[in-house]
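# Output the structure for:
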Amino acid sequence: MFQPYLADYRYYALFESQSHMSDIGRATGLYRSISAYCEERYEGHGRWELSIGLSMSSERDSYADYREASPAEVEYLKRRTDEQQQEQPQSSPGESAGVVALLAARRNAEPVDGHYYFAEFDELADVVDVDRAHALIRCPASGGGKWEMFLHEGTWVPGEEPRRKHVLPVGREDVERISRARETAEARYFDVWLGGTVENGLYRHVLVRRTGSADETIDDLGWQHTDVLRRLEPGWWVLELGERAFGSSRYVAVMMGRSRRFGDRRHDYQAFFNSSDDVYDFGKVLFLARRLPNPYELEYELLTPDGWKWVSGSLGGESLPISEEEFQRLAAPHPDGQGAGDVTR
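Residues are numbered from 1 along each chain as shown. Alright, predicted model coming up:
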């Protein structure tokens, strides 16, 4: 359904326990949200302040929960908060440029050829410039039917409702502009979900990078050709990601794959890098270590020019599980006489 993505703010009541949610009088606060990860709490007398109350309710040790509030409940909670709080002399901060742009677009949104179209962005602040959009999605203006994602001219593939995404309603001119930009982009990034197929307890999906006419999927630290976008099956769906989100997804996939592959080995060999972007290049290894089998705290043996050195606690940087063969290759002396144990942090 597209209606939530054309509304102004959505309002929520937070409760200490899910069992309290039927009684609005037991709500602990009134919150509003306009986009993903953007929430504010009502502080009284027209003041809204940034908050993480709704987000914290989803933490594992939290009993709190929230639900959408009706217009009458919103007015009740506003009046109650106004009565509890002294009026503040300062005025509320103005809405950000991204919020202003999003509100205006939602109020003026109209269907285009029977669909509502939305541009998808990495950050709320990016919606002020449609050229920053990394995806174009749509859904039928009738209110029924499925979400679709733009792949290329004349081709829309099954997509997903953008529940936790920043999306901007766009008209015909911007639809054409974004479509052209997606087709001519130097690189595009996709996440193809294979329906309800499960592997190792997780739903299967395939990460795809498109450069020109070539599609590649991750192959451990490298890439291999794939035609998955040309053979989509019923029940599959596709998301187009921004470069940063794709990078995070690729890193997680590599880490999970390697952790499973090396999980039963004797020594937990690891290579350490400055950042997650470096783990695909063994030329950027900072140092090597092996984790000791202590279930209660982090203990390592760090490879140094003088042999193994015991250390405890975090070693810093980003670590990558490596095989014993990879360890031996990285630990071997370099042509310049230097080995991985000579590299200091």
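# In the chain, which residue is most central in space?
Closest to where the C-alpha atoms of the chain average out (CA atoms, centre = their mean) is Ala245, at 5.7 Å.
# What values do phi and psi take at that one?
phi -70, psi -40 (degrees, to the nearest 10).
# Compute the first-to-last residue distance for stretch 312-321.
Stretch 312-321 has an end-to-end distance of 18 Å (criterion: CA to CA, to the nearest Å).
# biggest strand in this protein by residues?
strand 188-199 (DSSP state E).
# which helices and strands does it pack with?
Strand 188-199 is packed against strand 202-211, strand 237-241, helix 243-261, with contacts defined by 3 or more CB pairs under 8 Å, 6 or more residues apart in numbering; DSSP states H and E. (Glycine included, C-beta is placed from N, CA and C.)
# roughly how far out does the longest one sit from the chain middle?
Put simply, helix 243-261 sits 13 Å off its chain's centre (CA atoms, centre = their mean, to the nearest Å).
# what does the average pLDDT come to for it?
Mean pLDDT, helix 243-261: 93.
# by contact count, what packs against it?
Using 3+ CB pairs under 8 Å, 6+ apart, helix 243-261 sits against strand 188-199, strand 202-211, strand 214-219, strand 318-321.
# Which residues does the third one contact?
This points to strand 214-219. Contacts to strand 214-219, defined as CB atoms under 8 Å, 6 or more residues apart in numbering, come from residues 206-210, 223-230, 250, 253-254.
# can you list the helices and strands packed on helix 243-261 in CSV and add mean pLDDT, mean neighbour count and distance to Val311?
CSV is the format used below for the helices and strands packed on helix 243-261 (pLDDT from 0 to 100; neighbours: other CB atoms under 10 Å; distance: least, CB to CB, whole Å):
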stretch, mean pLDDT, mean neighbour count, distance to Val311
strand 188-199, 91, 16, 36
strand 202-211, 93, 16, 33
strand 214-219, 95, 16, 32
strand 318-321, 93, 20, 13
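# now these as JSON lines including distance to Leu50?
Listed next are the helices and strands packed on helix 243-261 as JSON lines, based on distance: least, CB to CB, whole Å:
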{"stretch": "strand 188-199", "distance to Leu50": "29"}
{"stretch": "strand 202-211", "distance to Leu50": "33"}
{"stretch": "strand 214-219", "distance to Leu50": "36"}
{"stretch": "strand 318-321", "distance to Leu50": "30"}
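# Point out the one among the ones you listed that comes closest to Glu95.
Closest to Glu95 of the helices and strands packed on helix 243-261 is strand 188-199 (CB to CB; 30.8 Å).
# Let me know the angle separating the closest one from strand 202-211.
160 degrees (axes from the mean of the first three to the mean of the last three CA atoms, to 10 degrees).
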